[in-house]
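# What follows is a protein structure lacking sequence information:
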């Protein structure tokens, strides 16, 4: 990989533009990814929020589910926010009928753990794993990590102990949307993995 990191944003739903702008501001060369040929050209992938069951259906409709699983199993760095975290989880509580995930993160996530969209909220989260001040987090129909497998590590928790940020090898996931509040540290952490992989 010469020059800038080549990073994709899965462009089916969610804050695609906001993620792309954040990544570009941090020095990445960003591509929107919808098809396997586009996925093959990137060195890391961000999976935005949206509706996880719809993203699942679209990945299958566009022939992307197996290529995504193969790339992630081969070590491609990926970062999922909200529904993207659900897509990277190995297990789901409250899954829609027939819902599948890409998998890779040894966690169980609970969909819509904070209630409907009207229960969306913003808060500050202590972030010792990231360094610096507390992190401004925006939760929109967000999941939580209900159970953490031995391979995964919690990196962010709410004051009540609920896990809202995890990582495992080259993979990261958060329940919230740092791209909404302009919080760059998680995208920086993801890009560091892309550069290290290269």
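That came through fine. Small disclaimer: the values here were computed from a predicted structure and weren't measured.

# what bits of the chain have low per-residue confidence?
1-3, 116, 118 (pLDDT under 70).

# tell me, what residue is most central in it?
Geometric centre of the chain, nearest residue: residue 80, 0.6 Å, by Cα atoms, centre = their mean.

# did I read that right, that one in a strand?
Yes: membership of residue 80 in a strand is supported by DSSP: H, G, I helix; E, B strand; the rest coil.

# what's the distance between residue 125 and residue 27?
The gap separating residue 125 from residue 27 is 25 Å, by Cβ to Cβ, to the nearest Å. Every residue, glycine included, has its C-beta placed from N, CA and C.

# Hmm, I typed the wrong one, I wanted residue 20.
Using Cβ to Cβ, residue 20 is found at 13 Å from residue 27.

# buried stuff in the longest helix seen in the chain?
For the chain, the helix with the greatest residue count under DSSP state H is helix 185-197. Within helix 185-197, the residues that qualify as buried by neighbour count (16 or more other Cβ atoms under 10 Å) are 186-187, 189-191, 193-195.

# So what touches it?
5, 7, 19, 22-23, 26-28, 43-44, 46, 75-77, 79, 127, 130-132, 135, 165, 170, 172, 174, 178-179 (Cβ atoms under 8 Å, 6 or more residues apart in numbering).

# Between the two ends of stretch 69-81, how far is it?
End-to-end span of stretch 69-81 (Cα to Cα, to the nearest Å): 17 Å.

# For it, buried residues please.
Those would be 69, 71-72, 76-81, for stretch 69-81 by 16+ other Cβ under 10 Å.

# hang on, the earlier thing: will you turn the buried residues of helix 185-197 into a markdown table that also has distance to residue 94?
Converted to a markdown table, those look like this (distance: Cβ to Cβ, whole Å):
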| residue | distance to residue 94 |
| --- | --- |
| 186 | 25 |
| 187 | 28 |
| 189 | 28 |
| 190 | 26 |
| 191 | 32 |
| 193 | 29 |
| 194 | 31 |
| 195 | 36 |
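
# Please indicate which of the contacts of helix 185-197 are buried?
The neighbour-count test (16+ other Cβ under 10 Å) applied to the contacts of helix 185-197 identifies 5, 7, 19, 22-23, 26, 28, 43-44, 46, 76-77, 79, 127, 130, 135, 165, 170, 172, 174, 178-179 as buried.

# Cool, thanks, signing off.
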